[in-house]
Every structure is written in C-alpha cells, then in structure tokens.
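Colleague: requesting a structural model of the entry that follows:
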Amino acid sequence: MNNPIGLIEIRGLVGAIEATVAMVKCENVKLIRREKIGGGLVTIIVEGDLGAVKTTIDTGMSAEKRVGELISAHIIARPHSELNKIISLNKK
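Modeller: Coordinates of the predicted model:
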C-alpha cells in the first residue's frame with residue numbers, strides 16, 4: 001500500500017453512505033474500509049491515484065453536507081508501508 005489514501009469522517013451512518021456512494025461513483029478509487037468509531041462517527045477510507053483521491057474526498061464532503069455532519073477529511077499522499085498495521089487496511 002503506497003498509493004495515496006483519503007479519509008473522511010462523518011457523524012451518522014446515512015451521511016456516510018451518501019458520501020461513500022458519491023465518492024466511488026465519481027472517480028476510479030478503491031473503497032478500502034469503513035470504520036465505525038463510536039458516538040455515531042464513521043470513517044471511510046479510499047485509495048487510488050492522488051488526483052482521484054482528492055476529487056473523491058471533495059465529492060464526499062459535498063455529498064455528505066446534504067445529509068449528515070462532516071467531522072474531518074484528510075489525504076495522505078505518500079503513506080508509509082507501516083501505516084497498514086495501524087489502520088488495518090487489509091480488513092473490511
């Protein structure tokens with residue numbers, strides 16, 4: 001896993017689903033993981049080339065605003081290979 005990854009954290013499952021659908025439809029990215037954090041927070045992680053990830057995160061942020069509450073969004077352009085151990089990207 002050395003491709004850029006994008007993370008978007010949303011309060012509410014409906015908003016997370018809305019954002020996820022918009023994200024995977026807009027660009028050629030791979031949905032890596034959905035993580036329920038607790039307290040209604042859901043984090044969606046996508047992977048792809050940097051331009052696609054940036055567009056995807058922007059699209060997810062816009063789509064989510066219609067339904068839920070955006071908490072945070074972040075892009076890691078060059079993730080270290082050890083990051084896989086921290087966020088368990090191989091598990092779904």
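
Colleague: now do the phi/psi pair for Leu31.
Modeller: When read as degrees, to the nearest 10, the backbone of Leu31 gives phi -70, psi 110.

Colleague: contact partners for it?
Modeller: The contact partners of Leu31, taken as CB atoms under 8 Å, 6 or more residues apart in numbering, are Thr20, Met23, Val24, Ile44, Ile45, Val46. The way it works is simple: take the backbone N, C-alpha and C, and place the C-beta from them, glycine included.

Colleague: list the ones among the residues you listed that fall in helices.
Modeller: Mapping the contacts of Leu31 onto helices (DSSP state H) picks out Thr20, Met23, Val24.

Colleague: what helices or strands is the top helix by length along the chain leaning on?
Modeller: Counting by DSSP H, the longest helix found in the chain is helix 50-65. Helix 50-65 is packed against strand 5-11, helix 13-26, strand 41-47, strand 69-76, with contacts defined by 3 or more CB pairs under 8 Å, 6 or more residues apart in numbering; DSSP states H and E.

Colleague: between the contacts of Leu31, which is nearest Ala77?
Modeller: Nearest to Ala77 among the contacts of Leu31: Val46, at 13.4 Å, using CB to CB.

Colleague: sorry, back to before: hey, which of the helices and strands packed on helix 50-65 is tucked in deepest?
Modeller: strand 5-11 (a mean of 23; mean count of other CB atoms under 10 Å).

Colleague: which outside residues touch that one?
Modeller: The contact list for strand 5-11 (CB under 8 Å, 6+ apart) reads 16, 19, 23, 29, 32, 37, 39-47, 53-54, 56-57, 60-61, 64, 68-76, 79, 83, 89.
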